[in-house]
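S.K.: Based on what follows, work out the 3D shape:
(chains A and B)
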Protein chains: 2
Amino acid sequence: MKVTVLGAGYMGSAVTFPLSQNKIEVNLWGTWLDDEIIDFCEKSEHPKLQKELNPNINFFRSRELEKALHEADAIFIGVSSEGFLPVYRKLLKCIKGSIPIFTLTKGLIEEAGDIFTISSIAEKIYNKNIGNDFIWTSIGGPVKAVELAYFVPTFSIYASKNKKAKQISNNFNTEYYNIRQSDDVLGVELCSAFKNVYSVSLGICDGLYKNYKEGQYHNFSSILFNQGVKEISEIVKNFGGKVSTAFNLAGIGDLYVTSQSGRNRRFGELVGRGVKADEAYHGMLLEGDIAEGYRTLNLGHKFVKQQSLLKKTPLLNSLYNIMYNFYDPERELLNLLKIIK
Amino acid sequence: MKVTVLGAGYMGSAVTFPLSQNKIEVNLWGTWLDDEIIDFCEKSEHPKLQKELNPNINFFRSRELEKALHEADAIFIGVSSEGFLPVYRKLLKCIKGSIPIFTLTKGLIEEAGDIFTISSIAEKIYNKNIGNDFIWTSIGGPVKAVELAYFVPTFSIYASKNKKAKQISNNFNTEYYNIRQSDDVLGVELCSAFKNVYSVSLGICDGLYKNYKEGQYHNFSSILFNQGVKEISEIVKNFGGKVSTAFNLAGIGDLYVTSQSGRNRRFGELVGRGVKADEAYHGMLLEGDIAEGYRTLNLGHKFVKQQSLLKKTPLLNSLYNIMYNFYDPERELLNLLKIIK
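M.R.: Model prediction:
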């Protein structure tokens, strides 16, 4: 079996470990932003994961997409949400159809003023360009890429409506990488997108209080965590996903892992310490780190607003006020406490 | 208005802050284990909270219970679950009835081989000794006592079936202490008891991995956190509480705060590092710190087993095996991953 992974950042590269351990032939293709990463990987270790990838992996640079996809039995997409559409459109020019696509990309996509989940825009474009044999899996659940690369026991949620995709994904399990299947593609996608947004609130709480309260502000952060779970469940329910998806690994679990460490949390910490959100975001970007929650907040806020759901998502609204209207983070979060039940 | 607080440990003492700020006259009574604490409080600061209590508080030593209760309009019980019955029985000898009782005690109680929630044993004893005018509130939600004492914004859940109790508790709100009412006494009690048990699992994970993985094991700990929430919701549902209680502040919120820091987590860390659970528990006890989760695990395991519910609580079962049958913590938790969905 041969799998092509698109995107050599954190997640695309990390998933090559369970794939390689299953004796799957892996082609790792880097986008036009990843050529340097591929250089490093060929010589020594992956610069972000700080670990050598499996020596049997075939590396491909951005210009070599067609070659990278040659005879692939399945494709993983591991690029950022911002990179998704350009990479996906290039991909569709190189494939014929009926090939299972697994995506690790999390977030929402705006096109022509409308906002889409990744699977929905992907299916739309696929049907227009290839046909009606779209075989899709959205991957969610509590997975930090670095930890996956270091074989920390992990649960990953593979959401698909397609039998063939489910069968294939059974080949990716390892001793430490435990795949759990779900039918709720929309629910898993919404959880994955919005947990990046809500985890920022835990970071903000850290930024506000960590330095002078020595970790003694969890009465407050627990309210934000709990509210995040509640709002994710409301969003999932409203858009037609399953509430039980939010109250399980894809929701609670993933919000927990994302709240404990990582880029979105770090971004929130900067905001809590008084850095303006756009400056914090672009500062991190210069170091090659994308805080997905920032961009997803903007799209997610519109997405939720279109459905008149904002009254059920007051924390989302507060985060939007803090990050896009530059409200004072502490005052805004304290005001929030008067509203939520 | 006058309130008598029974127990001068962490939680009993911490709740005096919002009470005092509401100009309520507070009598703080220390149990026979608290006489030394009362000495300290009179002279300077509370030795556990490391903060002076409000100067208007009246302090009472263990022998002065009757005096402490004189003309009280409401009673708070803030002792440990182990201390509950002895204190409660003494209390009932000193009061006449129709007095609202608010309890901060969390856990389960064993009497004559049967296991009870605190409200149920309290009502049974009350009805037998006083009459049928039992006015009860169980307090839950994500509240670390130390943080409450330091005015960290806090949500507290007051669960009662009694109108008068609800009216009175509206007097305890402050700017930082936000009381939310619930009718689900049983659900809140079960959440409060079992979150102490499940938070130990997060501590074990820390103990196993913190020193050599530098915080990079949250893929694993998020599975335990998520499973804890799921099992708490199963327990609540099975015994007749509301699932929505578990998926809100009393469940998710309280498990989160208890998992981030505190005695149960610290206890779990010791177990994860290889200390036998009984030794870890008694070692902490010598320093005056009770890890409630240890004892509640024992009672909770019997409680759940009686209802043949153990197949739905595999993490509870693993924790029992680790702490009461001395199974290897890492092996037991890794085995758990093969079972849970």
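
S.K.: Would you agree residue A:34 is in contact with residue A:10?
M.R.: No. With contact defined as C-beta atoms under 8 Å, residue A:34 does not count as touching residue A:10 (11.1 Å). Placement of C-beta: from N, CA and C, glycine included.

S.K.: Would you mind listing what in the stretch 151-300 of chain A touches chain B?
M.R.: Contact residues (C-beta under 8 Å from any C-beta of the partner chain) of the stretch 151-300 of chain A with chain B: A:152-155, A:178, A:180, A:213, A:215-223, A:225-226, A:229-230, A:233, A:247-249, A:252-254, A:256-257, A:260-261.

S.K.: List only buried entries from those.
M.R.: Applying 16 or more other C-beta atoms under 10 Å in any protein chain shown to these, the neighbour count classes A:152-155, A:178, A:180, A:216-223, A:225-226, A:229-230, A:233, A:247-249, A:252-254, A:256-257, A:260-261 as buried.

S.K.: Give me the distance between the residue most central in space within chain A and chain B.
M.R.: Geometric centre of chain A, nearest residue: residue A:106, 3.0 Å, by C-alpha atoms, centre = their mean. In this view, residue A:106 and chain B are 15 Å apart by C-beta to the nearest C-beta, to the nearest Å.

S.K.: Is that residue in a helix, a strand, or coil?
M.R.: coil (DSSP: H, G, I helix; E, B strand; the rest coil).

S.K.: how about it, what does it touch?
M.R.: A:81, A:118, A:140, A:189, A:192-193, A:196, A:292, A:296 (C-beta atoms under 8 Å, 6 or more residues apart in numbering or on different chains).

S.K.: Phi first, then psi, for residue A:46.
M.R.: Backbone torsions of residue A:46, given as degrees, to the nearest 10, read phi -70, psi 130.

S.K.: these two touch, right, it and residue A:36?
M.R.: No. The criterion here is C-beta under 8 Å, and residue A:46 misses it with residue A:36 at 11.4 Å.

S.K.: more crowded one of those two?
M.R.: Neighbour tally, residue A:46 and residue A:36, criterion other C-beta atoms under 10 Å in any protein chain shown: the higher count belongs to residue A:46, 21 against 13.

S.K.: partners of that one in the sheet?
M.R.: residue A:51 (DSSP bridges).

S.K.: so residue A:233 sits in a helix?
M.R.: Yes. Read with three-state DSSP, residue A:233 is one of the residues of a helix.

S.K.: How confident was the prediction at it?
M.R.: pLDDT recorded at residue A:233 is 98.

S.K.: Of all the residues in the stretch 1-150 of chain A, which one is nearest chain B?
M.R.: residue A:142 (3.8 Å; C-beta to the nearest C-beta).

S.K.: Is there a neighbour count for that residue? I'd like the number.
M.R.: By other C-beta under 10 Å, neighbour count at residue A:142 equals 29.

S.K.: I'd say it and residue A:256 touch.
M.R.: Yes. If you go by C-beta under 8 Å, residue A:142 and residue A:256 touch, sitting 6.4 Å apart.

S.K.: what sits in contact with each of the two?
M.R.: In contact with both residue A:142 and residue A:256: B:218, B:222, B:226, using C-beta under 8 Å, 6+ apart.

S.K.: For residue B:172, see how far away the first one is.
M.R.: What that stands for is residue B:218. The gap separating residue B:218 from residue B:172 is 36 Å, by C-beta to C-beta, to the nearest Å.

S.K.: Same question for the second one.
M.R.: Counting by C-beta to C-beta, the gap between residue B:222 and residue B:172 amounts to 35 Å.

S.K.: what's the span of stretch A:271-289 from first residue to last?
M.R.: 16 Å (C-alpha to C-alpha, to the nearest Å).

S.K.: Name the surrounding residues that touch it.
M.R.: Residues contacting stretch A:271-289 (C-beta under 8 Å, 6+ apart): A:48, A:200, A:203-209, A:263, A:266-267, A:270, A:290-291, A:294-295, A:322-324, A:326, A:329.

S.K.: Could you rerun that using 6 Å?
M.R.: With contacts defined as C-beta atoms under 6 Å, 6 or more residues apart in numbering or on different chains, stretch A:271-289 is touched by A:204, A:207-208, A:263, A:267, A:270, A:291, A:294, A:323, A:329.

S.K.: Could you report the pLDDT at the closest residue to residue A:209 other than its chain neighbours?
M.R.: The shortest distance from residue A:209 to any residue other than its chain neighbours is 4.1 Å, reached at residue A:217 (C-beta to C-beta, 6 or more residues apart in numbering or on different chains). Per-residue confidence (pLDDT) for residue A:217: 93.

S.K.: Check the model's average confidence along the longest helix seen in chain A for me.
M.R.: Under DSSP state H, the helix in chain A containing the largest number of residues is helix A:185-213. For helix A:185-213, the mean pLDDT works out to 94.
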